[in-house]
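**Q** Task: produce atomic coordinates for the following.
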Amino acid sequence: MYICGMRNTTIITIFCLLAIACKGKDNPDTPIPTPTPEPEPEIVTDTNAPTNLVLTQLSSTSISLEWEDNSASEQGYTIWFSGNRVDSLAANTTSYTYTLESGFATGVTYFFGVKAAFESGESEMLDASIKATPIIKIEESMANDVCFAVRYSVDNHTKSGLEFGLCWSADGEASIDSKHEKGPAKNFRRGDSVFQVIPNSSLEYGKEYSVKPYATYNSITYYGEELKLKLGTEPSAIKLSWNKVTTYSLPSSIELYETTSKLNGDAFHAWYAIADLSAGDITLKVNAPTSLATIDDQAAADANCILLTNAGYFWNNDIVGYAVSDGTVSGWGVSAYTMSSSTSDSDYGSSYYATRGAFGVDSNGTPQAYWVASLNGSPIYYADPLASVRGEALYAAPSAVLPSTKVDWSPLNAVSAGPMLVYDGKVGFNFDTKSSDGFMLSNYEMLASDIFGASSNTADRTAIGYTEDGKIILFICDGRISDSQGCSVYEEAQIMKGLGCVKAVNLDGGGSTGMWVKGSHINDLTGGNRKVHTTIGFYSK
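**A** Below you'll find the model as predicted:
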């Protein structure tokens, strides 16, 4: 019989062959063939196997391995990472660099191993572990008359939760348990490089300091190498010949002095008043009227006014910074400042957060000076400036802990301007200390060149400060006239130091400078009697 053109015997044969072919798959009694595995390399017991594996983190993505080659018979080495073989090396190799493109996570421990390969097998694993850390490297450092400056790099600096800065100590090795401040962290200008300054407000002359960059992540702090730095020569005081002015009928708690001594060879005419508020018959007061008015008009508005000068900066009819008048705060505040409007300037468009010098008295008449910034629309005070440097990485906005822990100060009367001229008896700046880009290191307050700079040495000046025994000094000088060439803020700082000030702040100057005493405007009025926004002076109680 035929089925579809084939004999019965043919069909039966096909069915039988199919059944035989499928028997091993479907019948559990039939063994399943398995591939023959590659033999594990024989472990060679060789007293000349590699030893002393040392791991070193080179960057956030690279770790080096170094070991001792103790054998003359190995055919090569294999490198292992997290239990996996990652590379094979030639004989007599003693080092290897492993790169992880995604980067090693700070705080995580990584395991590496090395095996020596012989003709008959491999040695046992020589292994070691390493915990990944931030890589902190010092690139340059300097110590000058008014500050320390350190350029350092922090590998993987943008990692969330990573904080870094400088710490320093004159009493042993520096750590974050000693004095320390966070570094600038925004818009790095040179890759991972950051330039940070330690002002002399936090340092003492004549002492050598241990200085270290640090990085903190997950509550663990890592350090760069230690530097040994020492301030240079302390800026000196300028002491002039002062004559007491007896023209005006002043209370015994206020004295007025005048000088026409030459200042560094130039004609100079200046005055200062010194007042003792502890006598109890006078007080210091700041005026902040709603509209501009001359010093004379502001003085005439209160019959108790004895002596008055101009005070803070202003623009149009707005107070630049802060004024506190009998506890009432007014003003724009202190925030970020754009230092260049020229598109050809390498610093064009950069805005720097800053702190500005402020002077005031509390309800007890106790004088004080700090740096001030704005936080949530209100003034916040610090014992250290935010040490911004033009052309370098930018600081974040001041906070309750930046640049340092805020100071608990509530002045009854105060005004901000800047720069801080003297702090703890030290002149805090010098026009000759500059960064590699030519910007002054100590213009922390981001003041314009017509205020802060060697080219501005012919201006009228106004300043206020206090002595170690708490007496308040108000100073003015004429400028830009033949009888008085004025002074730079650096010379002004030296003068205030020479008058015995332990702290002093520069106030608005130029055409704003003026002093009114008992009904008389005593300094030069060339250019007119400018209207100003704020004034500060002594009043009878």
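
**Q** mind listing the strands for the stretch 201-350 of the chain?
**A** 208-217, 220-223, 227-230, 243-245, 254-259, 270-275, 282-287, 293-294, 305-310, 314-315, 318-319, 321-325, 328-333, 336-338 (DSSP state E, counting those that start in this stretch).

**Q** Please read the previous query as pertaining to the stretch 351-500 of the chain.
**A** Under DSSP E, counting those that start in this stretch, the stretch 351-500 of the chain gives strands at 351-353, 356-361, 367-375, 378-382, 413-416, 420-423, 426-427, 461-467, 472-477.

**Q** would you turn these into CSV with mean pLDDT and mean neighbour count?
**A** All C-beta spots, glycine's among them, are computed from the backbone N, C-alpha and C. Formatted as CSV, these follow (pLDDT from 0 to 100; neighbours: other C-beta atoms under 10 Å):
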stretch, mean pLDDT, mean neighbour count
strand 351-353, 94, 19
strand 356-361, 98, 29
strand 367-375, 98, 24
strand 378-382, 98, 20
strand 413-416, 98, 30
strand 420-423, 98, 28
strand 426-427, 98, 23
strand 461-467, 98, 26
strand 472-477, 98, 24
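
**Q** Any chance of those in JSON lines with distance to residue 278 as columns?
**A** Formatted as JSON lines, the strands of the stretch 351-500 of the chain follow (distance: least, C-beta to C-beta, whole Å):
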{"stretch": "strand 351-353", "distance to residue 278": "37"}
{"stretch": "strand 356-361", "distance to residue 278": "11"}
{"stretch": "strand 367-375", "distance to residue 278": "10"}
{"stretch": "strand 378-382", "distance to residue 278": "23"}
{"stretch": "strand 413-416", "distance to residue 278": "16"}
{"stretch": "strand 420-423", "distance to residue 278": "21"}
{"stretch": "strand 426-427", "distance to residue 278": "25"}
{"stretch": "strand 461-467", "distance to residue 278": "12"}
{"stretch": "strand 472-477", "distance to residue 278": "10"}
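
**Q** okay but residue 107 is in contact with residue 222, surely?
**A** No: taking contacts as C-beta atoms under 8 Å, residue 107 lies outside contact range of residue 222: 9.8 Å.

**Q** so what's in contact with these two at the same time?
**A** With contacts defined as C-beta atoms under 8 Å, 6 or more residues apart in numbering, the residues adjacent to both residue 107 and residue 222 are residue 133.

**Q** who's more crowded, those two?
**A** A direct count of neighbours by other C-beta atoms under 10 Å for residue 107 and residue 222 places residue 222 higher, at 19 against 14.

**Q** beta partners of the more buried one?
**A** Under the criterion DSSP bridges, residue 222 forms beta bridges with residue 215.

**Q** if I read this right, it contacts residue 131, doesn't it?
**A** No: the pair residue 222 and residue 131 does not pass the contact test of C-beta under 8 Å, sitting 10.0 Å apart.

**Q** how about the strands of the stretch 201-350 of the chain in TSV, adding distance to residue 488 and mean pLDDT?
**A** Listed next are the strands of the stretch 201-350 of the chain as TSV, based on distance: least, C-beta to C-beta, whole Å; pLDDT from 0 to 100:
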stretch	distance to residue 488	mean pLDDT
strand 208-217	29	95
strand 220-223	39	92
strand 227-230	27	98
strand 243-245	24	98
strand 254-259	17	98
strand 270-275	14	98
strand 282-287	26	98
strand 293-294	26	98
strand 305-310	19	98
strand 314-315	22	96
strand 318-319	25	97
strand 321-325	21	98
strand 328-333	26	97
strand 336-338	20	93
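
**Q** nearest to residue 172, of the strands of the stretch 351-500 of the chain?
**A** strand 426-427 (23.1 Å; C-beta to C-beta).

**Q** contact partners of the closest one?
**A** Applying C-beta under 8 Å, 6+ apart, the external contacts of strand 426-427 come out as 146, 200-201, 205, 234-235, 421, 490, 493-494, 497.

**Q** Among the residues you listed, name the buried ones.
**A** Buried by 16 or more other C-beta atoms under 10 Å: 146, 200-201, 234-235, 421, 490, 493-494, 497, out of the contacts of strand 426-427.

**Q** Just those: which are in helices?
**A** Here DSSP state H is the test, and the buried ones among the contacts of strand 426-427 give 490, 493-494, 497 as lying in helices.

**Q** Poorly predicted segments of this protein, please.
**A** 1-47, 156-158, 189-191 (pLDDT under 70).

**Q** Now residue 260: closest residue in space that isn't a chain neighbour?
**A** Spatial nearest neighbour of residue 260, excluding adjacent residues (C-beta to C-beta, 6 or more residues apart in numbering): residue 269 at 5.5 Å.

**Q** In contact with that neighbour, which residues are there?
**A** Counted by C-beta under 8 Å, 6+ apart, residue 269 has contacts 258-260, 477-478, 483-484, 523-524.

**Q** quick one: which of these has the most company?
**A** residue 477 (28 neighbours).

**Q** Can you pull the domain assignment for the chain?
**A** Following automatic domain parsing, the chain resolves into domains at 51-131, 136-230, 243-540.

**Q** which of those sits most buried?
**A** Per residue and on average, the most neighbours among those fall to domain 243-540, with a mean of 20 (mean count of other C-beta atoms under 10 Å).

**Q** Off-centre distance for that domain?
**A** Centroid separation for domain 243-540 versus its chain: 24 Å, with C-alpha atoms, centre = their mean, to the nearest Å.

**Q** For residue 402, which residues are in contact?
**A** By C-beta under 8 Å, 6+ apart, residue 402 lies in contact with 181-182, 386, 395-396.

**Q** Please apply the same query to residue 275.
**A** Under the criterion of C-beta under 8 Å, 6+ apart, the neighbours of residue 275 are 253-255, 282, 284, 307, 471-472, 474, 538.

**Q** so how far is residue 243 from it?
**A** Using C-beta to C-beta, to the nearest Å, we find residue 275 at a distance of 18 Å from residue 243.

**Q** about what we covered before: do you know how far the residue nearest to residue 260 is from residue 509?
**A** 14 Å.

**Q** So residue 293 sits against residue 534, correct?
**A** No: at 10.1 Å, residue 293 does not count as touching residue 534 under the criterion of C-beta under 8 Å.

**Q** just checking, residue 201 touches residue 428?
**A** Yes: applying C-beta under 8 Å as the test, residue 201 and residue 428 come out as touching, 6.0 Å apart.

**Q** Please enumerate the shared neighbours of the two.
**A** 385, 420.

**Q** just to revisit the earlier point, for residue 390, which of the strands of the stretch 351-500 of the chain is the nearest?
**A** Nearest to residue 390, of all the strands of the stretch 351-500 of the chain, is strand 351-353, at 6.9 Å by C-beta to C-beta.

**Q** The closest one pairs with which strands, and in what direction?
**A** Those paired with strand 351-353 in the sheet (DSSP bridges) are strand 336-338 (antiparallel).
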